[in-house]
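In: sequence below, structure please.
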Amino acid sequence: MEAILDLDAAGEKRLLQLNELEEFRSQSYENAKLYKEKTKQWHDNKIHPRNFEVGQQALLFNSRLRLFPGKLKSRWSGPFRIAQIYPFGAVELEDEKSGRKFKENGQRIKHYFGGEVDRQQDEMPLCDG
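Out: Numbering: from 1, shown residues only. Model (predicted):
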């Protein structure tokens, strides 16, 4: 008789543990969901809309440059001329030297306001002296 009671108690205890585990899992899921929502809201607030027009000059971010030595080398290449703007942020760029056209994500380009872009520069002057 005692063995049956022990088995019943063990079964009830196991069910309580499973319920606690399920409750903990659902709380973790809710916390992760809230964290993702807050992170997305923070990220979206940091994104500034860039409005480009056909004919403007732009620089293209080269994310693969980190494979090469030279920490201070510019990761921006160009300038390129904006040939066409597509919906949802896609932009067609034209290399004025070669005439080659290619599409890029608008988040990878920024406005170019003039001056030379020296990608081979290893030193950056910190003062005017």
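
In: state the pLDDT value of residue 2.
Out: For residue 2, the model assigns a pLDDT of 58.

In: just residue 127 next, same as before
Out: pLDDT recorded at residue 127 is 65.

In: now do the phi/psi pair for the residue positioned nearest the centre of the chain.
Out: Geometric centre of the chain, nearest residue: residue 43, 8.9 Å, by Cα atoms, centre = their mean. Dihedral angles of residue 43 (phi, psi; degrees, to the nearest 10) stand at phi -60, psi -40.

In: from residue 106, how far off is it?
Out: Distance of residue 43 to residue 106, computed by Cβ to Cβ, to the nearest Å: 16 Å. No exception for glycine: its C-beta is placed from N, CA and C like everyone else's.

In: quick one: contacts of the longest strand along the chain?
Out: Longest strand of the chain, by residue count under DSSP state E: strand 76-85. Contacts to strand 76-85, defined as Cβ atoms under 8 Å, 6 or more residues apart in numbering, come from residues 52-62, 91-96, 101, 109-110, 112, 117, 119.

In: please indicate which of these are buried?
Out: 52, 56-62, 91-93, 95, 109, 112 (16 or more other Cβ atoms under 10 Å).

In: inside strands: which ones of those residues?
Out: Checked against DSSP E, these include these in strands: 57, 58, 59, 60, 61, 91, 92, 93, 109.

In: which two of these have the greatest separation?
Out: 61 and 92 (16.4 Å; Cβ to Cβ).

In: quick one, helices of the protein?
Out: Ranges of helices in the chain, per DSSP state H, are 2-46.

In: noted, bye for now.
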